[in-house]
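task: produce atomic coordinates for the following.
(chains A and B)
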Amino acid sequence: MAIQRPKGTQDLLPGAVEQWQYLEETIRSVCREYGYEEIRTPIFEATELFQRGVGQTTDIVQKEMYTFLDKGDRSMTLRPEGTASVCRAYVENKLHGQPQPVKLYYMGPMFRYERPQSGRFRQFHQFGVEVLGADQPLVDAEVISLVWNLYQRLGLTKLEVHVNSVGCPVCRAKHREQLQEFLALRRNELCDDCRDRFETNPLRILDCKNQSCQTITKGAPTTLDTLCENCKTHFEKVQDLLEEAGVVYRVDSRLVRGIDYYTKTAFEVMVEEIGAQSAICGGGRYDGLVEEIGGPPTPGIGFAMGIERVLTALQVQHKLPEGKPRLYAMLIALGEKAQSKGFSLLSALRVQGMPVSMDLQGRNLKAQLKAANRQGAHYALILGEEELERNVVLIRDLTLGEQTEVPLAEAVETLNEKYRRGV
RNA sequence: GUGGUUGUGGCGAAGUGGUUAACGCACCGGAUUGUGGCUCCGGCAUUCGUGGGUUCAAGUCCCAUCAUCCACCCCA
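Predicted coordinates:
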């Protein structure tokens, strides 16, 4: 049996790649406009980075990492997300010595050992942004507005931006306590999953999809109820600024993020229509993370966006540009001599920046014309024995079905002139 | 990790126990010697994910296995 690609991975064939490039280019230009610079970190890191950064108790660390021992017996892990690496790089390269804040973005593959489903892969791709070294609400708002504007630029509609504050470690502990207290009496009525969550992550019970759990949690204290003064004013300011920026959002006090490092602002963007995994972007503030992985106390905020999910959203909303690159001209050479002569004509045209091609299999005239037509070539340049003898080439306009004869020596100039005029 | 779905040529898709496995698209070739897009003609699965089993007979039934897709969980 032939070898197949690993479960949960994809081959991106021509046709799909153009769509990726379009998305990537749009992302890059928005980042440029916001003053963010790209960072590229290794695709694998010391396992400990993620254990400490993402959090020992998270599903990601407990059951989803691609971890292996290298030949020197070091435990390595294929990165499951990007934030920990960026923070590590910030510390390791002493970026705290540069003017703060440092505004970075990254794009690339991430790896998580999960059961694939729609919108979920084992190798998937994220675009993410991280701002290190500033704790002002203005930063939170800028980051969210970047996401918003990117989606506007792409033409996405029916977006839901959810914003919440999970507070600092102090308010969070307080909330957890109050929530457990609230739920304690009706603990046995919760669904199986939620009974587990009661201990591990009671916050998650708040956004359980189970109908009965939802009624039980009605009136439960939310993270917003227990915010300290500082966190509260921070969150209010963020909201004011989002209004300023024209971001359409909704406060969702039940929004919970699944990674340990989040503090204060948390947000998520969802689109229906792309299946159960509807979050196309998730992020928030993580003021304790840099210190957690051994750096100086440094506030940070960022988000990650699933490229595959954004692409399917664009697909279902028909917002992807049409676009296979078209050939300008196809050289049709008949016979070996014509092939060599034509080959040199081709390179002369390519130097001018024209997308041109030729048959590489020595097929007959008819087959070559057919191929030229299929590839959407505007012109066919016919060069056979007869033309060769007379030192000319036929320029056939495939849309009009007309052809003219020009001296070989003038072919480049003639075509270049047409190409510049866009005909 | 749990539950369900599907698995026939490059793609889409008939076929629900009985001789040589429809059809469409794509692809390749041809319709007077060197002119495409339309049309016509021809070619293109010794084989039905894989391995077993039942049967006189299996793509069609049974078991196993692999893969796929979807959902839960979790996340982007």
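
which residues of the stretch 51-200 of chain A lie near RNA strand B?
Contact residues, the stretch 51-200 of chain A versus RNA strand B (Cβ under 7 Å from any atom of the strand): A:58-60, A:64, A:81, A:112, A:114-121, A:124, A:126, A:193, A:197. In short, each C-beta sits where N, CA and C put it, glycine included.

residues near residue A:242, how many?
22 (other Cβ atoms under 10 Å).

and it, what helix or strand is that in?
Assigned by DSSP states H and E, residue A:242 belongs to helix A:229-245.

show residues contacting the helix or strand following that helix.
Sequence order places strand A:250-251 as the next helix or strand after helix A:229-245, per DSSP H and E. Residues outside strand A:250-251 that contact it (Cβ atoms under 8 Å, 6 or more residues apart in numbering): A:160, A:161, A:162, A:163, A:164, A:224, A:239.

among those, which are in strands?
Counting by DSSP state E, the contacts of strand A:250-251 place A:160, A:161, A:162, A:163, A:164 in strands.

who are the contact partners of the first one?
When contacts are counted by Cβ under 8 Å, 6+ apart, residue A:160 is found next to A:250, A:269, A:270, A:271.

top of those by neighbour count?
Among the contacts of residue A:160, residue A:269 has the most neighbours (other Cβ under 10 Å), with 25 neighbours.

sec struct for that residue, please.
Look at residue A:269: counting by DSSP: H, G, I helix; E, B strand; the rest coil, its state is strand.

surely it is in contact with residue A:151?
Yes - counting by Cβ atoms under 8 Å, residue A:151 is a contact partner of residue A:269 at 7.2 Å.

what do those two both touch?
Here residue A:269 and residue A:151 have residue A:159 as joint contacts, going by Cβ under 8 Å, 6+ apart.

may I have the beta-bridge partners of residue A:103?
Judged by DSSP bridges, the bridge partners of residue A:103 are residue A:131.

so it makes contact with residue A:33?
No - counting by Cβ under 8 Å, residue A:103 does not reach residue A:33; the two are 11.9 Å apart.

between the two, which is the more surrounded one?
Using other Cβ under 10 Å, the more surrounded residue of residue A:103 and residue A:33 is residue A:103, with 21 against 12.

so who does the more buried one touch?
Residue A:103 sits next to A:34, A:35, A:36, A:37, A:129, A:130, A:131 when contact means Cβ under 8 Å, 6+ apart.

just put those in CSV and tack on neighbour count and secondary structure.
Shown next, in CSV, are the contacts of residue A:103 (neighbours: other Cβ atoms under 10 Å; DSSP: H, G, I helix; E, B strand; the rest coil):
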residue, neighbour count, secondary structure
A:34, 16, helix
A:35, 9, coil
A:36, 21, coil
A:37, 10, strand
A:129, 28, strand
A:130, 28, strand
A:131, 24, strand
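
that older thread, restricted to buried residues, select the ones in strands among the contacts of strand A:250-251 in PyMOL.
Listed next is the PyMOL selection for buried residues among the ones in strands among the contacts of strand A:250-251, using 16 or more other Cβ atoms under 10 Å:
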select buried, chain A and resi 161+162+163+164
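
among the ones in strands among the contacts of strand A:250-251, which one sits closest to RNA strand B?
residue A:162 (11.0 Å; Cβ to the nearest atom of the strand).

ok, the closest one - contacts?
A:249, A:250, A:251, A:252, A:255, A:267, A:268, A:269, A:270.

residue A:166 is in contact with the fourth one, correct?
No - taking Cβ under 8 Å as the contact criterion, residue A:252 and residue A:166 are not neighbours in contact, 11.4 Å apart.

ok, those two, which is more surrounded?
residue A:166 (26 against 19).

need the contact list for the more buried one.
Each residue near residue A:166 by Cβ under 8 Å, 6+ apart is listed here: A:172, A:203, A:223, A:256, A:257, A:262, A:263, A:264, A:266, A:284.

mind picking the two most distant members of those residues?
A:203 and A:264 (14.5 Å; Cβ to Cβ).

which of these two has more neighbours?
For residue A:203 versus residue A:264, the count of surrounding residues by other Cβ under 10 Å is larger for residue A:264: 27 against 20.

A strand includes the more buried one, no?
Yes - according to three-state DSSP, residue A:264 belongs to a strand.

give me the spatial nearest neighbour of it, chain neighbours excluded.
Excluding its sequence neighbours, the residue lying closest to residue A:264 (Cβ to Cβ, 6 or more residues apart in numbering) is residue A:285, at 4.3 Å.

and that neighbour, how many residues sit next to it?
The tally of other residues near residue A:285 (other Cβ under 10 Å) stands at 28.

how about residue A:191?
By other Cβ under 10 Å, the residues close to residue A:191 number 16.

picking up where we left off before, for the residue nearest to residue A:264, list each beta-bridge partner.
Residue A:285 has these beta-bridge partners by DSSP bridges: residue A:263, residue A:301.

surely it meets residue A:298?
No - taking contacts as Cβ under 8 Å, residue A:285 lies outside contact range of residue A:298: 11.7 Å.

coming back round to it: filter the contacts of residue A:162 down to the ones near RNA strand B?
Near RNA strand B, by the rule Cβ under 7 Å from any atom of the strand, you find residue A:268 out of these.

could you export the contacts of residue A:162 as JSON lines, including distance to residue A:290?
Formatted as JSON lines, the contacts of residue A:162 follow (distance: Cβ to Cβ, whole Å):
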{"residue": "A:249", "distance to residue A:290": "27"}
{"residue": "A:250", "distance to residue A:290": "30"}
{"residue": "A:251", "distance to residue A:290": "27"}
{"residue": "A:252", "distance to residue A:290": "27"}
{"residue": "A:255", "distance to residue A:290": "23"}
{"residue": "A:267", "distance to residue A:290": "20"}
{"residue": "A:268", "distance to residue A:290": "23"}
{"residue": "A:269", "distance to residue A:290": "25"}
{"residue": "A:270", "distance to residue A:290": "29"}
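
so what's residue A:133 up against?
For residue A:133, the contact set (Cβ under 8 Å, 6+ apart) comprises A:96, A:100, A:101, A:102, A:298, A:299, A:300.
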